[in-house]
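Predicted structure and sequence below. I'll ask about it afterward.
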Amino acid sequence: MGNLQESILNVEKLSSGYGAMQVLWNVDIEVHWDEAVCIIGSNGAGKSTLMRTLMGINQPWGGKIYFRGEDITHSNSSERVSRRITLVPEGRQLFYGLSVEDNLMMGAYLRKRGSEVKESLDFVYQTFPALKNYRKRFAGSLSGGEQQMCAVGRALMAEPQLLLIDELSLGLAPVIVDMLIELLQKIRKERSLSILLVEQDVEAALEITDRGYVLETGHITLSGSRDELSVNEHVRKAYLGIPVDI
Amino acid sequence: MIFEIALNGLMLGGLYTLMGAGFSLQWGISGIINLAYGGMTVLGAFVAFSLFRLVSVQPLVSCIPAAIIMFSLGWAIYKFFLRPTIRRGTFFVTLIMTFAIELVLENFMLYVWASDYRIITSPYSGISVQILHAEVPLIKLIMFAISIACVYLVHLFMSKTKPGKAIQASALNPQGARVVGIDVEKMYAINFGIGAAIGAVAGALMSNITSFSVVLTGSLVGKVFVIAVLGGLGNIWGAALGGITLGLVESYGTITIGSEYNEAIGLVVMVLVLVLRPRGLIGRKYWDV
Amino acid sequence: MLRQLFENKKIRIIGISAIVLFLMGIPWLITGYWVRLLTSIFMYATLSKAIDLMIGYLGYVPFGNVVFFGLGAYTTGIAMSHGIPFPLAMVMGALISIMVCIFIGVPVLRLRGHYFAVATVGLNGAIMAIALNATALTGGAMGLTFPVLPAPPEIIYRYFYYMMFALMVAAIIVSIIIVKSRFGYAVRSIKANEEAARALGINTTVTKTAIWIISAIITSIAGAIYGFWMSYISTMDVFNIMIGVTCILMTLLGGAGTIIGPILGALIFQFLSEMVWSQFLEFHLGILGVITILVIFFIPGGLVASLKESFTRAKVQHKEAGS
């Protein structure tokens, strides 16, 4: 167990699921201030369920979630957004019938309109100039990469301290993924942001993060620093597709 | 002659647009086919009627208290009856639930006001205005203007204000809405209340030009159905298209084959549109790109 | 104990035979009032079975299914007033219903969920308006009178009692045959997943239309018997959407997609309505509404499912106690 003061997010023995099916079993995760952490896992390991539970969309069945040392286990998603946790959800979940700018502004839904929100919007446009060019267009008319930018931008509009990202790379070309990762690195430094990233593309995930966990069938089976994980035999074999030297 | 029919149809269509807009919002955004909509509309008319009779509130002013009362009722119905039903059942159970609510509303109205036909004789009735060659009763013109103004206000609310956009966002992508911190259920409940309030205003307006009774609720639901199906869902423009089409068809039908077939014509048109263009005449929901 | 009784096949057959014999004999022992009440229970049970073929097995909700009830009643009435005997007139009613089903069913059944439910309401409204306005044929708002059977009332009561009873038994048998047949699998696979059913090579259009035709035939025969029984019908009466909705509620109460659910629902509901509501005529609609709300909240799966559940629970407890 980590020190609550040091870490922005502390997840203890979290379990969750749908209906009668348990998906997560006693998951322990810790994210330090200004740290980027990734969770590696294959399809169906429970990554999205974890993210949805951390966001308050799914209810936890057991365990505790602490944010900045405060117990937020039973708060709903609105409350978590106002505590400045945001999620870039799997599949982006943009509002297709609204303009790009409206989508971004919805990200600041819980904040009072004013100069601070304007400043956030300027920052998002500065980071993703493409979004500024298309600000009047419907979000549904953007390309996949631009949509992902819009989703990240929307999440940034709440001025989060902890950014949860569910499958940044899903359905995107490697070039776009590289670019997004580069931009995220930049944002992270400028905004002193902590990131918890869930990824299937392990190579991309390890590139940006400091530490990682491996989630397999709802259990955390392995954890370590980036360097430890990228040389770990199991990770190399199962997730990086690199044959292990004999 | 044709001009007069068209003008009459347009006036009627204005009221239908308003009436259809509330139903269409409830269906398109909160996801509820509200079979109690007719009851809510007639209840709005009765509230206006009673305010007029008992404390002589101007019939056109009484729209406002009627709207407030029905908003609260609609909101409560969604929160305490519809939401729990959606959680545990299929759409068809929800449909039955709205019908059960309709029965209770109907019984309540029967008990309080009986099933007689009522009409509000407003101070403006009897005054007519000449438009080109046609005589139009002033009250119909006022009603048309108020209907269109209300529809436009709802449109402004939905597309320009923050709560309006949050309601839209909840319909477009509930998961995305939760992610940004919108309380989606609350938005659905508010939207349902707005729909009920619109219905009540339409009912209150209607009570100025035609006699009404509890018996009408069924045929009103039929009409708003036709409007929603004609225009497509959740969209103010769709409601306008559906409402005005129905108004024109009915006023033309009244002259040519007689008003007793009005309902049948509307329903036949609706079934045809459903079968030929299942998404309405415009052909898309407003949130589709 | 009760559970074991239900599961034993021999006992089940004996039980069913006993019930049938009981129902066959009872009209000779009770007053006309009770015979009429039982007849109306059979009618609602039949209509509920017919509508449950669509709801419980196919997963489509024909809110306006009562249109076939009205068509059956009106066709039979019109044919009989032209001197055609009842059985033939009844068949004519069924044929008209089949035709409507085919012509309208194919396009309307393409619609899903809400849209289908709504379209059937529209269909009912349209046909009702036509019946109301085709005065020369239907008598319009004056209604339609059937020839009256030349017999004393208690004979007439029993006559219709047995007819409705036979129809209900037929409806039950038909639903059992459907459930056990290949056709029944096709129907239920559409309910489970229509796309997948089509991918498996099931002709969904034909299947859906066929099951709706079966439902329509049963409904229309019930309408024919009802008209003859009442000897006077009006459009407000036989095209009343409330009949259909009441049947949906009965199905819901008993349990959709079960053999006896709709029957049980009709029995309880009709009995309650006769015993309780007739005391509070003023609040008839409201009480119906409140009961509906209570059913949805407290027995969402229907009585049959709730009973089964409590049996299984009893079984588990029994085992635990035994071990």
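Good, I have the coordinates. Computed from a predicted model, the values in this text were never measured in an experiment. Residues are numbered from 1 along each chain as shown, chains lettered A, B, ... in the order given.

And the contacts of the helix ranked longest in chain A?
Among all segments of chain A classified by DSSP state H, the helix with the greatest residue count is helix A:174-191. Contacts to helix A:174-191, defined as Cβ atoms under 8 Å, 6 or more residues apart in numbering or on different chains, come from residues A:34, A:36, A:123, A:127-128, A:144-145, A:148-149, A:152, A:156, A:168-169, A:172, A:193, A:195, A:201, A:204, A:207-208. (Each C-beta comes from the backbone N, C-alpha and C, glycine too.)

filter those to the buried ones?
In terms of neighbour count (16 or more other Cβ atoms under 10 Å in any protein chain shown), the buried residues within these are A:36, A:123, A:127-128, A:145, A:148-149, A:152, A:156, A:168-169, A:172, A:193, A:195, A:201, A:204, A:207-208.

Inside helices: which ones of those?
Within those, residues falling in helices by DSSP H are A:123, A:127, A:145, A:148-149, A:152, A:156, A:204, A:207-208.

can you tell me how far the closest residue to residue B:241 other than its chain neighbours sits from chain A?
Spatial nearest neighbour of residue B:241, chain neighbours left out: residue B:231 (4.4 Å); criterion: Cβ to Cβ, 6 or more residues apart in numbering or on different chains. Separation of residue B:231 from chain A (Cβ to the nearest Cβ, to the nearest Å) stands at 16 Å.

what about chain A, any weak spots by pLDDT?
Residues of chain A that meet the criterion pLDDT under 70 lie in A:1-5, A:242-246.

what does it have sitting close to chain B?
Within chain A, the positions near chain B by Cβ under 8 Å from any Cβ of the partner chain are A:55, A:57, A:76-78, A:80-82, A:86-87, A:89, A:92-98, A:102, A:105-107, A:109-110, A:113, A:138, A:140-141, A:154-155, A:157-158.

Now, the residues you listed that are in strands?
When strands are assigned by DSSP state E, the members of the residues of chain A next to chain B inside them are A:86-87.

ok, of the residues of chain A next to chain B, which come out buried?
In the residues of chain A next to chain B, burial by neighbour count holds for A:55, A:57, A:77-78, A:80-81, A:86-87, A:89, A:92-98, A:102, A:105-107, A:109-110, A:138, A:140, A:154-155, A:157-158, counting by 16+ other Cβ under 10 Å.

Tell me which helix or strand comes right after the helix or strand bottoming out on mean pLDDT in chain C.
Lowest by mean pLDDT, DSSP states H and E among the helices and strands of chain C is helix C:2-7, with a mean of 60. Scanning forward in sequence from helix C:2-7 by DSSP states H and E, the next helix or strand is helix C:9-25.

Verify the contact between residue A:140 and residue A:94 for me.
Yes - counting by Cβ atoms under 8 Å, a contact exists between residue A:140 and residue A:94, whose distance comes to 7.3 Å.

so who does the residue of the stretch 1-150 of chain C found nearest chain B touch?
Nearest to chain B, among the residues of the stretch 1-150 of chain C, is residue C:129, at 3.3 Å (Cβ to the nearest Cβ). The contact partners of residue C:129, taken as Cβ under 8 Å, 6+ apart, are B:260-261, B:263-264, B:267.

tell me the secondary structure for it?
Of the three states, residue C:129 takes helix under DSSP: H, G, I helix; E, B strand; the rest coil.

per-residue confidence for it?
What the model reports for residue C:129 is a pLDDT of 85.

How about residue C:139?
The predicted structure scores residue C:139 at 85 on the pLDDT scale.

and it, how many neighbours?
The number of residues packed near residue C:139 is 21, by other Cβ atoms under 10 Å in any protein chain shown.

With adjacent residues omitted, what lies nearest to it?
Once flanking residues are discounted, residue C:139 sits nearest to residue C:145: 7.6 Å by Cβ to Cβ, 6+ apart.

Equivalent analysis for residue A:102, please.
Computed as Cβ to Cβ, 6+ apart, the closest residue to residue A:102 that is not its neighbour in sequence is residue B:165, at 6.2 Å.

Correct me if wrong: the one you found contacts residue A:98.
Yes - proximity of residue B:165 to residue A:98 meets the contact threshold set by Cβ under 8 Å, at 7.0 Å.

Can you find the helix or strand of chain B with the lowest average pLDDT?
With mean pLDDT, DSSP H and E as the measure, the helix or strand of chain B carrying the lowest mean pLDDT is helix B:262-276 (a mean of 77).

Is it in proximity to chain C?
Yes - against chain C, helix B:262-276 shows contacts by Cβ under 8 Å from any Cβ at B:263-264, B:267-268, B:270-271, B:274-275.

got JSON lines for those residues, with distance to residue C:204 too?
Converted to JSON lines, those look like this (distance: Cβ to Cβ, whole Å):
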{"residue": "B:263", "distance to residue C:204": "32"}
{"residue": "B:264", "distance to residue C:204": "30"}
{"residue": "B:267", "distance to residue C:204": "26"}
{"residue": "B:268", "distance to residue C:204": "26"}
{"residue": "B:270", "distance to residue C:204": "24"}
{"residue": "B:271", "distance to residue C:204": "20"}
{"residue": "B:274", "distance to residue C:204": "18"}
{"residue": "B:275", "distance to residue C:204": "16"}
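
Serialize those to a markdown table and add fields for neighbour count and distance to chain A.
Compiled in a markdown table, these are given as follows (neighbours: other Cβ atoms under 10 Å in any protein chain shown; distance: Cβ to the nearest Cβ, whole Å):
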| residue | neighbour count | distance to chain A |
| --- | --- | --- |
| B:263 | 22 | 34 |
| B:264 | 22 | 35 |
| B:267 | 27 | 30 |
| B:268 | 20 | 32 |
| B:270 | 27 | 25 |
| B:271 | 24 | 28 |
| B:274 | 24 | 23 |
| B:275 | 17 | 26 |
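
Let me know the closest of those residues to residue C:285.
If you rank the residues of helix B:262-276 next to chain C by distance to residue C:285 using Cβ to Cβ, residue B:263 comes first, at 21.6 Å.

shared neighbours of residue B:165 and residue A:98, anything?
For the pair residue B:165 and residue A:98, residues contacting each of them under the criterion Cβ under 8 Å, 6+ apart are residue A:106.

check contacts around residue A:51.
By Cβ under 8 Å, 6+ apart, residue A:51 lies in contact with A:87, A:89-90, A:164, A:166, A:198.
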